[in-house]
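Enquirer: have a look; sequence and predicted model below, questions after that.
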Amino acid sequence: MMGPYLESIRSRVGSQCLLLPGVRAIILNDQGQVLLQRRTDMKCWGLPSGSVELEETGLEALKREVREETGLDVGHAEAMALYSGPSQRLKYPNGDEIQCFSIAFIVRDWIGEPKADGVEGSEVQFWPMDALPEDLVDIHRRTLVDYRGYDGQFFLANDARQEDA
């Protein structure tokens with residue numbers, strides 16, 4: 001589901017590749033499992049994620065996207081990495097293309113019961129980090145590989161870590 005700003009741009013440029021600022025949420029439970037949603041647009045699993053809208057900060061976008069897609073309210077979120085560059089290019093089944101410029105956040109502090117919104121996601125489920133689904137969005141799989149090696153220092157993910165994933 002696109003916000004009004006992105007809808008306005010798409011109406012002008014069609015499916016042309018857009019550079020899109022966004023956020024990704026690595027939501028963890030007490031067992032260290034990660035919450036994934038079964039996406040309705042690409043029929044695969046992915047992190048709760050989305051675009052930053054006009055007049056919105058990255059953290060506000062994260063909280064909005066997580067609430068919309070999972071029903072959870074984010075308490076505290078830790079910025080882990082910035083993902084950018086050609087490896088972040090994605091083509092949707094409808095032909096729309098984007099290249100993400102996304103901040104990945106780690107979310108351990110959240111309130112609520114996870115549930116899919118039925119629009120962007122058909123189900124949500126916590127997964128063990130060592131048993132992730134095969135049909136996981138590639139750029140999100142790389143984000144989770146980086147999370148496993150995360151040392152507490154924010155990093156730019158266009159370095160060797162990203163290429164080795």
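Expert: On my side now, so go ahead.
Enquirer: just to check, F105 is in contact with G75?
Expert: No - between F105 and G75 there is no contact under C-beta atoms under 8 Å: 11.9 Å. Every residue, glycine included, has its C-beta placed from N, CA and C.
Enquirer: okay, those two: which has more neighbours?
Expert: Remark: of F105 and G75, F105 carries more neighbours, 26 against 11, as counted by other C-beta atoms under 10 Å.
Enquirer: lowest-pLDDT helix or strand in this protein?
Expert: helix 160-164 (a mean of 46; mean pLDDT, DSSP states H and E).
Enquirer: all the strands of the chain, in order from the start?
Expert: Using DSSP state E, the strands of the chain run over 18-27, 34-39, 45-46, 49-51, 73-74, 78-83, 89-91, 97-107, 110-111, 121-127, 155-156.
Enquirer: list the contacts of R64.
Expert: Contact analysis of R64 by C-beta atoms under 8 Å, 6 or more residues apart in numbering lists 50, 53, 56.
Enquirer: could you measure from the second one over to M1?
Expert: Shown here: E53 relative to M1, a distance of 12 Å by C-beta to C-beta, to the nearest Å.
Enquirer: could you do the last one as well?
Expert: Counting by C-beta to C-beta, the gap from E56 to M1 is 16 Å.
Enquirer: who has more neighbours, the two?
Expert: Using other C-beta under 10 Å, the more surrounded residue of E56 and M1 is E56, with 17 against 12.
Enquirer: name the nearest residue to that one, ignoring sequence neighbours.
Expert: What sits nearest to E56 in space, not counting adjacent residues and going by C-beta to C-beta, 6 or more residues apart in numbering, is R64, at 7.3 Å.
Enquirer: check which residues of the helix ranked longest in the chain are buried.
Expert: In the chain, assigned by DSSP state H, the helix with the most residues is helix 58-70. Across helix 58-70, burial judged by 16 or more other C-beta atoms under 10 Å covers 58-59, 61-67, 69-70.
Enquirer: done for today, thanks.
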